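J.: quick one: sequence plus predicted model below, questions after.
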Amino acid sequence: ERAPLVLGIESSCDETGVGIARGTTLLTNTVASSMDEHVRFGGVVPEVASRAHVQAIGPAIRAALAEAQVTLDDLDAIAVTAGPGLSGALMVGVSAAKGLAAATGLPLYGVNHLAAHVAVDLVAPDSPGLHTPTIALLVSGGHTEILRIGDIVDDIELLGATIDDAAGEAFDKTARLLGLSYPGGPNISKAAAGILDGTGVPGDPTAVRFPRGLNTAKDLRDPARRYSFSFSGLKTAALRFITAAEARGASADAVRLADVAASFEEAVVDVLVRKTLLACEDTGIDHVLLGGGVAANGRLRERLAERCEAAGVTLRVPPLSLCTDNGAMVAALGAEIVRRGLAPSDPAFGVTSSLE
Ligand code: KG4
Ligand code: ZN
């Protein structure tokens with residue numbers, strides 16, 4: 001018996017992704033990003049993203065089929081991200097998937113974007129298999145969550161999320177304040193490493209004491225805040241710091257950009273790592289999976305690895321191309337759902353913009 005061949009479509013944010021998997025074997029993962037079009041706005045503009053998806057979706061599906069050397073007739077099912085995400089963006093992928101399903105008669109599965117971020121590890125080339133239960137830390141430009149995954153299909157619990165900006169968004173907005181271009185995450189990392197000022201001398205992460213959101217003893221005692229994040233105060237603090245520094249003038253004793261960037265990065269990483277390990281402690285789960293575009297952050301990977309190691313927790317980070325939004329993650333989850341013989345989604349399913 002052959003493993004199911006599933007085409008997955010992802011369009012929840014600014015990436016139009018189409019992936020094809022045969023069981024746990026990834027055949028292709030094509031991604032068209034509208035990132036370039038959002039640069040001048042300093043962030044993802046929903047309307048711009050939706051329009052870009054409409055243009056990219058057809059060619060992306062064709063390219064994926066061609067690359068995987070399969071035809072629509074070969075497929076066993078279609079899977080598509082139904083949410084959470086930007087509704088207009090989601091609708092493009094869902095409509096395309098419904099059209100394909102109607103034309104081919106293939107079963108269609110609407111899947112959860114967050115579950116797909118975790119399921120993607122099933123198709124990673126170096127995958128040790130998906131270990132459950134696991135705690136998942138998902139950090140991107142659009143979302144920031146800690147999840148308890150008992151089972152990838154039917155036991156997913158949202159422990160906490162950001163109550164304002166996403167972690168990647170905090171990087172992007174603060175980078176902008178620092179005069180660095182979008183997307184800001186990679187640039188803040190470069191600045192923190194002393195690459196941007198050409199010195200090669202890393203910034204001092206203790207130079208500026210930026211606030212850690214929702215991290216007081218009181219916050220941690222409150223079940224509704226224990227695993228939640230808030231990054232908007234950090235952004236405001238960065239703005240206040242920069243304004244004050246500018247008022248003093250760029251004197252020789254001014255704090256280096258590298259120091260500010262390193263201190264900011266440290267503040268974000270601190271809470272992400274701390275709360276992830278708290279979730280492990282509380283649940284007794286000794287596995288962590290990291291996903292989302294912010295997984296590219298070296299300091300986050302380093303600190304998370306250290307803390308996991310010290311706590312006897314196994315850390316798994318899928319290859320970066322699978323951490324950012326893509327179609328492979330949807331195909332991976334779809335293939336797992338089909339393998340279990342589960343019924344397709346109600347044909348009338350819609351998109352869900354928020355977290356259920
Ligand atoms: O998952 P992703 O590619 O897509 C969206 O969320 O749209 O994540 C992109 C986000 C951006 O906010 C970007 O600034 C952030 O991930 N990012 C980083 C790094 N590389 C990308 N943040 C911190 N450090 C990085 N090295
Ligand atoms: Zn995502």
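T.: Nice, I can see it. Ligands and ions are numbered 1, 2, ... in the order given.
J.: burial of the residue of the stretch 201-350 of the chain found nearest ligand 2, as a residue count?
T.: Nearest residue of the stretch 201-350 of the chain to ligand 2, counting by C-beta to the ion: residue 325, 4.5 Å away. Glycine gets a C-beta too; all of them are placed from N, C-alpha and C. Close neighbours of residue 325, defined as other C-beta atoms under 10 Å, add up to 28.
J.: and it, helix, strand or coil?
T.: Using DSSP: H, G, I helix; E, B strand; the rest coil as the criterion, the local structure at residue 325 reads coil.
J.: how about the residues of the chain near ligand 2?
T.: Residues of the chain lying close to ligand 2 by C-beta under 5 Å from the ion are 140, 325.
J.: where does the chain dip in pLDDT?
T.: By pLDDT under 70, the low-scoring segments of the chain are 250-254, 355-356.
J.: can you give me the strands in it?
T.: Assigned by DSSP state E, the strands in the chain fall at 5-10, 15-22, 25-33, 77-83, 108-112, 134-139, 144-151, 155-161, 287-291, 314-316.
J.: for the fifth one, which helices and strands make contact with it?
T.: Contacting strand 108-112 under the criterion 3 or more C-beta pairs under 8 Å, 6 or more residues apart in numbering; DSSP states H and E are the following elements: strand 77-83, helix 87-104, helix 328-339.
J.: again with the longest one
T.: In this structure, strand 25-33 packs against strand 15-22, helix 46-68, helix 328-339, with contacts taken as 3+ C-beta pairs under 8 Å, 6+ apart.
J.: check which helices and strands the second one sits against.
T.: The contact analysis (3+ C-beta pairs under 8 Å, 6+ apart) places helix 46-68 against strand 5-10, strand 15-22, strand 25-33, helix 35-38, helix 87-104.
J.: and for the first one?
T.: Using 3+ C-beta pairs under 8 Å, 6+ apart as the contact criterion, the secondary-structure elements in contact with strand 15-22 are strand 5-10, strand 25-33, helix 46-68, helix 328-339.
J.: picking that back up, can you put the helices and strands packed on strand 25-33 in a markdown table and add mean neighbour count and distance to residue 135?
T.: Output for the helices and strands packed on strand 25-33, formatted as a markdown table (neighbours: other C-beta atoms under 10 Å; distance: least, C-beta to C-beta, whole Å):
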| stretch | mean neighbour count | distance to residue 135 |
| --- | --- | --- |
| strand 15-22 | 28 | 25 |
| helix 46-68 | 18 | 30 |
| helix 328-339 | 29 | 18 |
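J.: by residue count, tell me the biggest helix in this structure.
T.: The longest helix of the chain (DSSP state H) is helix 257-283.
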